[in-house]
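Colleague: Okay, structure incoming, though there's no sequence with it:
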Ligand SMILES: O=C(O)c1cc(=O)[nH]c(=O)n1[C@@H]1O[C@H](COP(=O)(O)O)[C@@H](O)[C@H]1O
C-alpha cells in the first residue's frame with residue numbers, strides 16, 4: 001500500500017462524508033432481524049449490513065468481539081466482511097482495541113495492519129493504557145504499510161472519566177497526554193497523519209484541546225449511546241473537521257429490510273452535513 005492511510009481516509013471522507021458505520025452483530029440484533037443467533041445468522045446479518053452500509057460510507061468499523069464470539073466460523077465471516085466492504089469502496093477500521101507490551105503489539109500489528117491477509121484492515125483501534133510508548137512498534141509498522149491506528153484517548157463510556165481525566169504530573173489530563181502524543185507523530189503530515197484518536201461523542205465540550213492533533217478523530221457514542229449530530233458540532237465545531245462520527249446499533253436496528261437500512265444510513269450521513 002503506497003499511499004498513506006491519512007490521505008486515503010481524507011479522500012474517502014471528501015467523497016462520502018464523515019460517517020463511520022459500525023458492524024456490531026449483537027446476538028439480540030441478529031435475532032431482531034429474524035435470524036438465528038449462530039454462525040449462519042451472524043453471516044447473513046454481517047454481510048447483509050456490510051453490503052448496504054459500505055456502499056454509502058467512507059469507512060466501516062466491524063467490532064471484532066462479536067465475530068470472535070463464534071470462534072473460527074466467526075473469524076471467517078469477519079474476513080468476508082472486510083472483503084465485501086472493500087468491494088463496495090469503503091475503508092475498514094477493525095475495532096480490536098489491542099494494547100500490550102511493545103513486542104507483542106508488533107505481533108498484533110502484523111496480524112491486522114501490516115500484511116496482506118484476509119484479516120488485514122486499513123486501521124485498527126488500540127489502547128494506550130500500557131503507556132503510549134508501548135504502541136510505537138504498532139504505529140511504526142502500520143504507517144510503513146500505508147495503514148493507521150486509532151488510539152483510545154477519552155472514551156464514550158461513563159466509567160472512563162476518573163482514569164482518563166486524571167491529572168498527570170505535568171498538569172495535563174491523561175486523555176490530553178494521549179492526544180498530544182498522537183499529535184507529535186502526526187506533525188507535518190498532509191492532509192493529516194495516520195494516527196487517529198478516539199474521543200467519545202458523549203463527553204463534555206472543552207475537555208480536550210484537539211487543535212494540534214493533525215489526525216482523524218473517531219467519535220463513537222453517536223446514536224445508541226445518546227449523542228446527537230448537534231452534540232458532535234458542539235464538541236468538534238460545525239464543519240466536524242477531521243471527525244469520523246461512529247454509529248452502530250442506531251443504524252443496524254433498521255434492518256433487515258435493505259431499503260430501511262439504506263434510508264437509515266443515508267439519513268444519519270446527511271445529519272452530519274454542515275448546517276445552512
Ligand atoms: O473504539 C471504539 O470504537 C469505541 C470507543 C468508545 O469510546 N466507545 C465506543 O462505544 N466504541 C465502540 O463503538 C461502538 C459503539 O456502538 P453503538 O453504541 O451501537 O453505536 C462499539 O463497537 C464500541 O465498542
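Modeller: Arrived safely. Bear in mind the structure is a predicted one, so any value in this text is a computation, not a measurement.

Colleague: Correct me if wrong: residue 160 contacts residue 166.
Modeller: No. Look at residue 160 against residue 166 with Cβ atoms under 8 Å: they stay out of range, at 10.7 Å. Placement of C-beta: from N, CA and C, glycine included.

Colleague: Show me which of the two is the more surrounded one.
Modeller: Applying other Cβ atoms under 10 Å to residue 160 and residue 166 shows that residue 160 carries more neighbours, namely 18 against 11.

Colleague: Low-confidence ranges, this protein, go.
Modeller: 1 (pLDDT under 70).

Colleague: tell me which residues of whatever helix or strand residue 259 lives in are tucked away?
Modeller: Element membership of residue 259, judged by DSSP states H and E, is helix 258-270. By 16 or more other Cβ atoms under 10 Å, the buried positions in helix 258-270 come out as 261, 262, 264, 265, 268, 269.

Colleague: Same check on stretch 209-217?
Modeller: Buried-residue list, stretch 209-217, by 16+ other Cβ under 10 Å: 210, 213, 214, 215, 216, 217.

Colleague: Please work out how many residues are found near the closest residue to the ligand within the stretch 1-150 of the chain.
Modeller: Closest residue of the stretch 1-150 of the chain to the ligand, Cβ to the nearest ligand atom: residue 63 (3.8 Å). By other Cβ under 10 Å, 19 other residues sit near residue 63.

Colleague: Quick check, it in contact with residue 20.
Modeller: No. Using Cβ under 8 Å, residue 63 is not in contact with residue 20, being 11.6 Å away.

Colleague: list the buried ones in stretch 88-96?
Modeller: 88, 90, 91, 92, 93, 94, 95, 96.

Colleague: contacts with the ligand among the residues you listed, please.
Modeller: Intersecting these with the contacts of the ligand gives residue 95 (criterion: Cβ under 6 Å from any ligand atom).

Colleague: Return the subset of the buried residues of stretch 88-96 lying in strands.
Modeller: Among the buried residues of stretch 88-96, the residues falling in strands (DSSP state E) are 91, 92, 93, 94, 95, 96.

Colleague: Residue 124 versus the second one, what's the distance?
Modeller: I take that to be residue 92. Residue 92 sits 10 Å away from residue 124, going by Cβ to Cβ, to the nearest Å.

Colleague: Now flag whichever of the buried residues of stretch 88-96 is closest to residue 8.
Modeller: residue 91 (6.5 Å; Cβ to Cβ).

Colleague: Would you mind listing the residues in contact with that closest one?
Modeller: 8, 9, 12, 58, 59, 60, 85, 122, 123 (Cβ atoms under 8 Å, 6 or more residues apart in numbering).

Colleague: So the fifth one sits against residue 11, correct?
Modeller: It stands for residue 59. No. Applying Cβ under 8 Å as the test, residue 59 and residue 11 come out as separate, 11.3 Å apart.

Colleague: quick one, which of the two is more surrounded?
Modeller: residue 59 (26 against 14).

Colleague: How many residues are close by residue 188?
Modeller: 6.

Colleague: Next: the one 5 residues further on.
Modeller: Using other Cβ under 10 Å, residue 193 has 25 other residues around it.

Colleague: same check, this time on residue 106
Modeller: When neighbours are counted by other Cβ under 10 Å, residue 106 registers 17.

Colleague: so it makes contact with residue 141?
Modeller: Yes. At 6.3 Å, residue 106 counts as touching residue 141 under the criterion of Cβ under 8 Å.

Colleague: Near the ligand, which residues of the stretch 151-276 of the chain are found?
Modeller: For the stretch 151-276 of the chain, the residues in contact with the ligand (Cβ under 6 Å from any ligand atom) are 155-157, 198, 200, 220-221, 223-225, 246-250.

Colleague: The same query, at a cut-off of 5 Å, please.
Modeller: Residues of the stretch 151-276 of the chain lying close to the ligand (Cβ under 5 Å from any ligand atom) are 155, 156, 198, 200, 220, 223, 224, 225, 247, 248, 249.
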